[in-house]
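Asker: build me a structure from this.
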Amino acid sequence: MRDNVLFADRRDAGKKLADHLESLALPHVGVRVLALPRGGVPVAYEVARRLDAPLDVLVVRKLGVPGHGEYAMGALAAGGFRVLDDEVIRGMQVGGQDIQAVIDAESEELRRREQAYRHGLPPPDMAGMTVVLVDDGMATGSSLRAAVMAVRGQGPRALVAAVPVGSPQACAALRPLVDEMVCLATPEPFHAVGLWYADFPQTGDLEVETLLRRRRHDAGKPG
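Answerer: Numbering: from 1, shown residues only. This is a model prediction of the structure:
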């Protein structure tokens, strides 16, 4: 195993994240766990199970720089919320037409995933709830910023953002926007989320749908 590994896989990361979230003494009722799919879902599943909370998804799509798709220049969230990183856009000299082309393509994929994961179910009601937003890691923070904007617009009682690992800069930038920011580890230099996992395969749609269905079934059981 590499020296820099912090987590065996996303499920392991979720269990460690749940350990920390339990220590925050969140309310026993009125908690909603929202995962950023796809990679955030296996992490959030473990969190929701430990907190005995419903699990749902908030679909967010990274806006990649044309020709450098792994490099984020912003993000879209369900509900039409958008975050753009002006510094990246200027530095990479991305024009307005190119930005719009990426937005259009990712908007279509966002709609597809919303339909695939929710199967006609309405979006979760977050008004007056304690919402825990979970992802598998945070490099630039653009995806979670878009998600925070989307949730804030629905009037939650409290908003917690939680990731197993994140860049120090991204965690610091997001902290003022939420009621509680949980970054279990903020290694420097950071480079990429996957470097801190021993096993970091791409999460597929089937795994997302299976975990959501399993949690909905378990949450519906009498306590």
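Asker: figure out how far the host helix or strand of residue 19 is from the centre of its chain.
Answerer: Assigned by DSSP states H and E, residue 19 belongs to helix 10-23. Distance, stretch centre to chain centre, for helix 10-23: 14 Å (CA atoms, centre = their mean, to the nearest Å).
Asker: can you list the neighbours in contact with it?
Answerer: 6-7, 39, 42-47, 49-51, 132, 134, 136, 160, 162-165, 182, 184, 197, 200, 203 (CB atoms under 8 Å, 6 or more residues apart in numbering). C-beta coordinates here come from the backbone N, C-alpha and C atoms, glycine included.
Asker: now, which of those lie within helices?
Answerer: The helices, defined by DSSP state H, take in 42, 43, 44, 45, 46, 47, 49, 50, 51 from the contacts of helix 10-23.
Asker: would you confirm that the last one contacts residue 29?
Answerer: No: no contact is recorded between residue 51 and residue 29 when judged using CB atoms under 8 Å, the distance being 10.8 Å.
Asker: okay, those two: which has more neighbours?
Answerer: Regarding residue 51 and residue 29, a neighbour count based on other CB atoms under 10 Å identifies residue 51 as having more, with 21 against 9.
Asker: residue contacts, the more buried one?
Answerer: By CB under 8 Å, 6+ apart, the neighbours of residue 51 are 18, 21, 22, 26, 31, 33, 132.
Asker: please repeat the previous calculation with a cut-off of 7 Å.
Answerer: 18, 21, 26, 31, 33 (CB atoms under 7 Å, 6 or more residues apart in numbering).
Asker: of those, buried ones?
Answerer: 18, 21, 26, 31, 33 (16 or more other CB atoms under 10 Å).
Asker: in three-state terms, label the last one for me.
Answerer: Residue 33 falls in the strand class when you classify it by DSSP: H, G, I helix; E, B strand; the rest coil.
Asker: so which residues make contact with the biggest helix by length in the chain?
Answerer: With secondary structure taken from DSSP H, the chain has its longest helix at helix 96-118. Residues from elsewhere that reach helix 96-118 (CB under 7 Å, 6+ apart): 37, 57, 59, 61, 63-64, 66, 76, 78, 89, 205, 208-209, 212.
Asker: so what's the gap between it and the chain middle?
Answerer: 17 Å.
Asker: what's the average pLDDT for that helix?
Answerer: For helix 96-118, mean pLDDT is 90.
Asker: for stretch 79-92, same thing?
Answerer: Mean predicted confidence for stretch 79-92 is 87.
Asker: okay, how far is it across that stretch, tip to tip?
Answerer: 28 Å (CA to CA, to the nearest Å).
Asker: buried set for the longest helix of the chain?
Answerer: Those would be 98, 99, 102, 103, 106, 110, 113, 114, 117, 118, for helix 96-118 by 16+ other CB under 10 Å.
Asker: please export the C-alpha coordinates of it as PDB.
Answerer: Extracted in PDB, the C-alpha atoms of helix 96-118 (Å, rounded to 0.1, in the frame of the first residue of the first chain):
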ATOM      1  CA  GLY A  96     -17.800  32.400 -23.800                       C
ATOM      2  CA  GLN A  97     -19.000  30.100 -26.600                       C
ATOM      3  CA  ASP A  98     -16.800  27.300 -25.300                       C
ATOM      4  CA  ILE A  99     -18.200  27.800 -21.800                       C
ATOM      5  CA  GLN A 100     -21.800  27.600 -23.000                       C
ATOM      6  CA  ALA A 101     -21.100  24.500 -25.100                       C
ATOM      7  CA  VAL A 102     -19.800  22.700 -21.900                       C
ATOM      8  CA  ILE A 103     -22.800  24.000 -19.900                       C
ATOM      9  CA  ASP A 104     -25.200  22.700 -22.500                       C
ATOM     10  CA  ALA A 105     -23.600  19.300 -22.600                       C
ATOM     11  CA  GLU A 106     -23.400  18.900 -18.800                       C
ATOM     12  CA  SER A 107     -26.900  20.200 -18.400                       C
ATOM     13  CA  GLU A 108     -28.100  17.300 -20.600                       C
ATOM     14  CA  GLU A 109     -26.100  14.800 -18.600                       C
ATOM     15  CA  LEU A 110     -27.400  16.300 -15.300                       C
ATOM     16  CA  ARG A 111     -31.000  15.800 -16.500                       C
ATOM     17  CA  ARG A 112     -30.300  12.200 -17.500                       C
ATOM     18  CA  ARG A 113     -28.800  11.300 -14.100                       C
ATOM     19  CA  GLU A 114     -31.600  13.000 -12.200                       C
ATOM     20  CA  GLN A 115     -34.100  10.800 -14.100                       C
ATOM     21  CA  ALA A 116     -32.000   7.600 -13.700                       C
ATOM     22  CA  TYR A 117     -31.400   8.000 -10.000                       C
ATOM     23  CA  ARG A 118     -34.700   9.400  -8.900                       C
END
